[in-house]
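Participant: Build me a model from this:
(one chain, ligands or ions: 2)
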Amino acid sequence: MAFNVTLRQSGRQFQAEPDESVLLAAQRQGVGLPYSCKNGACGSCKGTIVSGEIEQASHSSSALSNDERDRGMALLCCATPKGDLVIDVREVAGIGDIPVKKVPCRVSGLERKATDVAELKLQLPANERLQYLAGQYIEFILKDGKRRSYSMANAPHHEGPVELHVRHMPGGTFTDHVFNAMKERDILRFEGPFGTFFLREDSEKPIVLLASGTGFAPIKAIIEHALFKGLDRPMKLYWGGRCKQDLYMMELAERWVKDVQNFSFVPVLSEPDADDAWTGRMGFVHRAVIEDLPDLSAYQVYACGAPVMVESAHRDFTSYHRLPEGEFYADSFTSGADIVNQV
Ligand SMILES: Cc1cc2nc3c(=O)[nH]c(=O)nc-3n(C[C@H](O)[C@H](O)[C@H](O)COP(=O)(O)OP(=O)(O)OC[C@H]3O[C@@H](n4cnc5c(N)ncnc54)[C@H](O)[C@@H]3O)c2cc1C
Ligand code: FES
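Facilitator: Ligands and ions are numbered 1, 2, ... in the order given. So this is what the prediction gives:
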């Protein structure tokens, strides 16, 4: 017997099967809820159970703390209903109409942008076109059925291959393959697009774009999309890495500064190499935002990359620097290593 789920703010309702996650049930019925990793690692799908009971599957303790659980919060990507529910969660408009497809693709380009970053280009079959929103991601389906997520690095208006930026995680199933064995013309299979990390175009607020490492990929797509649409909202890009080679497309960001009005770029390194001869900003990238913009009340923030950076930015910006909770949008690049500390 299916249960009734009601969204407290809009009164919208959908049905969820007892063994189905609330997120999946919502998606099946065209209701957009926020999410990213879909496996209890990132916290993007957090909502509050106003009434009713759920079964919360195991998840990372950083995605949902015991204290948050005690306050009635839940991760909707891995919570199944035990009866009718009323939940409080932000709805996401504009993703329901985009078809999610499983498609084969050919590796049409594989280029090292840094020792541990590869730019991967994927050619789709001639009769296929991937519709997506800049900022979204796809999931490769590996031979054993496992999945790995990568964000599109080019905006959807681009003709030609889909571009991804992949960072090597030594010992990692997929990225070891990309860096050690993958060749041009290899065939892969993916499903997508997924995710709710995309530019909210109904706002006039100035935008802070915050990236660490390959978190730059969807941020690049969002910037390209904003430029294509001629949006004139001020954009401030902060891109952080340990050393200079982590900022593997710095010339592109510097070109935007020259070519685009109201665009600024602040590169930030936490541990520059001696031969980087770095004279720029140092430290954690989200701290650089706070130093420049201690009052974020008028901004929208788009943050992407390492889970620790995304978590710190969310906490510091919304708790201490007046960013409204609803104006923080993020994708956290969680991996197998992030679902180890489970509760
Ligand atoms: C929404 C989303 C978008 C993403 N987009 C991008 C992107 O654009 N670019 C990008 O580079 N990455 C992105 N990622 C991360 C990406 O999906 C992969 O998680 C990452 O590339 C690692 O995959 P892998 O198969 O190589 O590693 P995995 O096999 O998942 O392993 C990851 C690391 O954890 C270690 N590990 C695995 N299991 C354990 C364990 N049990 N205990 C301890 N250590 C363990 C491995 O040795 C390895 O170092 C994204 C993630 C998400 C959720
Ligand atoms: S989408 Fe649910 S924890 Fe990441």
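
Participant: which parts of the chain sit against ligand 1?
Facilitator: Neighbours of ligand 1 within the chain, by Cβ under 6 Å from any ligand atom: 36-37, 137, 148-151, 164-167, 169-175, 195, 214, 217, 331, 333-337, 340. All C-beta atoms are positioned from the backbone trio N, CA, C, and that covers glycine.

Participant: now these: which count as buried?
Facilitator: For the residues of the chain next to ligand 1, burial is judged from neighbour counts taken by 16 or more other Cβ atoms under 10 Å, and it is met by 36-37, 137, 148-151, 164-167, 169, 172, 174-175, 195, 214, 217, 331, 333-335.

Participant: Doesn't Ile138 belong to a strand?
Facilitator: Yes. Read with DSSP: H, G, I helix; E, B strand; the rest coil, Ile138 is one of the residues of a strand.

Participant: Cross-check the contact I'm expecting between it and Arg147.
Facilitator: No. With contact defined as Cβ atoms under 8 Å, Ile138 does not reach Arg147; the gap is 9.7 Å.

Participant: If you count surrounding residues, which of these two has more?
Facilitator: Taking neighbours as other Cβ atoms under 10 Å, Ile138 and Arg147 compare with Ile138 leading, 27 against 15.

Participant: Skipping adjacent residues, who's closest to that one in space?
Facilitator: Gly192 (3.3 Å; Cβ to Cβ, 6 or more residues apart in numbering).

Participant: Moving along the chain from the helix or strand hosting that neighbour, name the first helix or strand you hit.
Facilitator: Taking DSSP states H and E as the criterion, Gly192 maps to strand 187-194. Going down the chain from strand 187-194, the next helix or strand is strand 207-212, by DSSP H and E.

Participant: Check which helices and strands the helix or strand following that next one sits against.
Facilitator: On the C-terminal side of strand 207-212, the nearest following helix or strand under DSSP H and E is helix 216-229. On a contact count with 3 or more Cβ pairs under 8 Å, 6 or more residues apart in numbering; DSSP states H and E, helix 216-229 meets strand 147-151, strand 162-167, strand 207-212, strand 235-241, helix 250-259, strand 300-305.

Participant: okay if I get the ones you listed as TSV plus distance to Arg106 and mean pLDDT?
Facilitator: Output for those, formatted as TSV (distance: least, Cβ to Cβ, whole Å; pLDDT from 0 to 100):
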stretch	distance to Arg106	mean pLDDT
strand 147-151	16	97
strand 162-167	11	98
strand 207-212	28	98
strand 235-241	30	98
helix 250-259	25	98
strand 300-305	27	98
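
Participant: how about the ones you listed in CSV, adding distance to Pro81?
Facilitator: Listed next are these as CSV, based on distance: least, Cβ to Cβ, whole Å:
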stretch, distance to Pro81
strand 147-151, 25
strand 162-167, 35
strand 207-212, 35
strand 235-241, 40
helix 250-259, 45
strand 300-305, 31
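
Participant: Of all the ones you listed, which one is nearest Trp278?
Facilitator: strand 235-241 (10.8 Å; Cβ to Cβ).

Participant: Note down every partner strand of the closest one and its orientation.
Facilitator: strand 207-212 (parallel), strand 263-269 (parallel) (DSSP bridges).
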